[in-house]
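K.L.:
The following comprises the amino acid sequence and a computationally predicted model.
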Amino acid sequence: MTPHNRNLMAPDLAGVADWFTSSYSNGGGNCVEAADLIQTTYGAVALRDSKDPAGPALLFPSDAFASFVADVREGRFDG
């Protein structure tokens, strides 16, 4: 990832990020939106709060995000 990713706001990614909500979302407004930035200079997956599209964006290396998704699918975070 590039070093300028500190304090990144979602609007900073305009023209680069194509935000989407998971198909598992219930549409109730409590969602996380993602953008695949792997093929960009960011080389990451971006996440933002759907209720605050002008708020912060978090960037995760693609391998870390893939591991997280695999752990969720396997139920490793279930209470």
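P.N.:
Thanks, I have the structure now. From a predicted model like this one, the values you see are computed outputs, not experimental measurements.
K.L.:
For the closest residue to residue 57 other than its chain neighbours, grab phi and psi.
P.N.:
Excluding the flanking residues, the one nearest residue 57 by Cβ to Cβ, 6 or more residues apart in numbering is residue 10, at 4.4 Å. The C-beta positions use only the backbone N, C-alpha and C, and glycine is treated the same way. Backbone geometry at residue 10, expressed as degrees, to the nearest 10, gives phi -50, psi -40.
K.L.:
What residues does residue 10 make contact with?
P.N.:
Contact analysis of residue 10 by Cβ atoms under 8 Å, 6 or more residues apart in numbering lists 17, 19, 46, 48, 52, 53, 54, 55, 56, 57.
K.L.:
Just the element for residue 35, please.
P.N.:
Using DSSP states H and E, residue 35 falls within strand 32-37.
K.L.:
after that strand, next one along is what?
P.N.:
Next along from strand 32-37, by DSSP H and E: strand 44-49.
K.L.:
Export only the CA atoms of the helix or strand that that next one is followed by, formatted as PDB.
P.N.:
Sequence-wise, the next helix or strand downstream of strand 44-49 (DSSP H and E) is strand 58-61. Provided in PDB are the C-alpha atoms of strand 58-61 (Å, rounded to 0.1, in the frame of the first residue of the first chain):
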ATOM      1  CA  LEU A  58     -10.100   1.600   5.900                       C
ATOM      2  CA  LEU A  59      -7.700  -0.200   3.600                       C
ATOM      3  CA  PHE A  60      -6.700  -3.800   4.100                       C
ATOM      4  CA  PRO A  61      -4.100  -5.800   2.100                       C
END
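K.L.:
List the neighbouring strands of strand 58-61 plus their orientation.
P.N.:
strand 44-49 (antiparallel) (DSSP bridges).
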